[in-house]
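Chemist: kindly return the folded structure for what I paste below:
(2 chains)
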Amino acid sequence: NAGVTQTPKFRILKIGQSMTLQCTQDMNHNYMYWYRQDPGMGLKLIYYSVGAGITDKGEVPNGYNVSRSTTEDFPLRLELAAPSQTSVYFCASRSPTAPNEKLFFGSGTQLSVL
Amino acid sequence: DAKTTQPPSMDCAEGRAANLPCNHSTISGNEYVYWYRQIHSQGPQYIIHGLKNNETNEMASLIITEDRKSSTLILPHATLRDTAVYYCTYTGTASKLTFGTGTRLQVTL
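Modeler: The predicted structure follows:
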């Protein structure tokens, strides 16, 4: 069982470039999340989704876009990359049903914008 | 949003118990407390969760106060491999899930 899979693991972008961070889960979870983590800091919520076709902003959504066309996939799009978006990005998913609400995280994408 | 408060850092000697506190005074009656840990820059991993009663699993114990406004994660015999950042949060019917700054636990010889 793969769990939550993120690609790529590493990426270097030039300022102004765009890219999509891929996230897929095989646990049939309705809820999916994107977090970013700056060096030495905690997790900040970028966007989240409660199901296919439904997304909402988190704490730090500016500069990002998401879509959720299927239950399995939740890609994160960076448009016009800026140095401030240098960070580690984590995707996560969970069931909405208590008490099985624990989050499953992917291994992360380390992004540098130069 | 989950609002939690944790000390930024703690030290623990190897072999001793590590007690990590978390304040979650705005938690609702049906929301579970969850604990995760993050080693280096890996993805956070689930440790334990609870609602009202104390819980124990192979990794840790969780003590939740009677008023449910705070909890303590206990690593009974800390090892160097337990050096990590520990996060508490809580979930319920709300789908938005945020984290606080966590506690950086340093286990030393």
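Chemist: so A:Tyr48 sits against B:Ser95, correct?
Modeler: Yes: taking CB atoms under 8 Å as the definition, A:Tyr48 is a contact partner of B:Ser95 at 6.4 Å. C-betas here are computed from N, CA, C, even on glycine.
Chemist: the strands in the chain, which residues?
Modeler: Picking chain A for this. Listed in chain order, the strands of chain A (DSSP state E) span A:4-7, A:10-13, A:19-25, A:31-37, A:43-51, A:54-57, A:64-66, A:76-78, A:87-94, A:104-105, A:109-113.
Chemist: right idea, wrong chain: chain B
Modeler: B:9-13, B:18-23, B:32-38, B:45-50, B:55-56, B:61-64, B:70-75, B:84-91, B:103-108.
Chemist: got a list of what B:Leu75 touches?
Modeler: Contact criterion CB atoms under 8 Å, 6 or more residues apart in numbering or on different chains gives B:Cys12, B:Ala17, B:Ala18, B:Leu20, B:Met59, B:Ala60, B:Asp82, B:Leu105 as the residues in contact with B:Leu75.
Chemist: can you pull the contacts of residue 8?
Modeler: Going with chain A. Counting by CB under 8 Å, 6+ apart, A:Pro8 makes contact with A:Leu21, A:Gln22, A:Thr109.
Chemist: wait, chain B was what I had in mind.
Modeler: Going by CB under 8 Å, 6+ apart, the list of residues near B:Pro8 reads B:Thr101, B:Thr103, B:Arg104.
Chemist: for the first one, phi and psi?
Modeler: Here is the backbone geometry of B:Thr101 (degrees, to the nearest 10): phi -80, psi -10.
Chemist: which residues are in contact with B:Thr72?
Modeler: Residues counted as contacts of B:Thr72 (CB under 8 Å, 6+ apart) are B:Asn19, B:Leu20, B:Pro21, B:Cys22, B:Leu62, B:Ile63.
Chemist: tell me the pLDDT of it.
Modeler: Looking at B:Thr72, its pLDDT stands at 97.
Chemist: how about the CA coordinates for stretch A:99-111, as CSV?
Modeler: Extracted in CSV, the C-alpha atoms of stretch A:99-111 (Å, rounded to 0.1, in the frame of the first residue of the first chain):
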residue,chain,number,x,y,z
PRO,A,99,-12.1,8.2,15.3
ASN,A,100,-10.2,7.3,12.2
GLU,A,101,-9.2,10.9,11.4
LYS,A,102,-5.4,10.6,11.6
LEU,A,103,-3.5,12.3,8.8
PHE,A,104,-1.2,10.4,6.5
PHE,A,105,1.6,12.5,5.0
GLY,A,106,3.6,12.2,1.9
SER,A,107,7.4,12.3,2.0
GLY,A,108,7.5,15.9,0.8
THR,A,109,8.8,18.0,-2.1
GLN,A,110,11.8,20.2,-1.5
LEU,A,111,11.5,23.3,-3.7
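Chemist: pLDDT (mean, whole number) over it?
Modeler: Confidence over stretch A:99-111, taken as the mean pLDDT, stands at 92.
Chemist: so what's the residue in chain A positioned nearest to chain B bridging to?
Modeler: Of chain A, the residue with the smallest distance to chain B, taken as CB to the nearest CB, is A:Phe105 at 3.4 Å. Beta-bridge pairing of A:Phe105, defined through DSSP bridges, involves A:Ala92.
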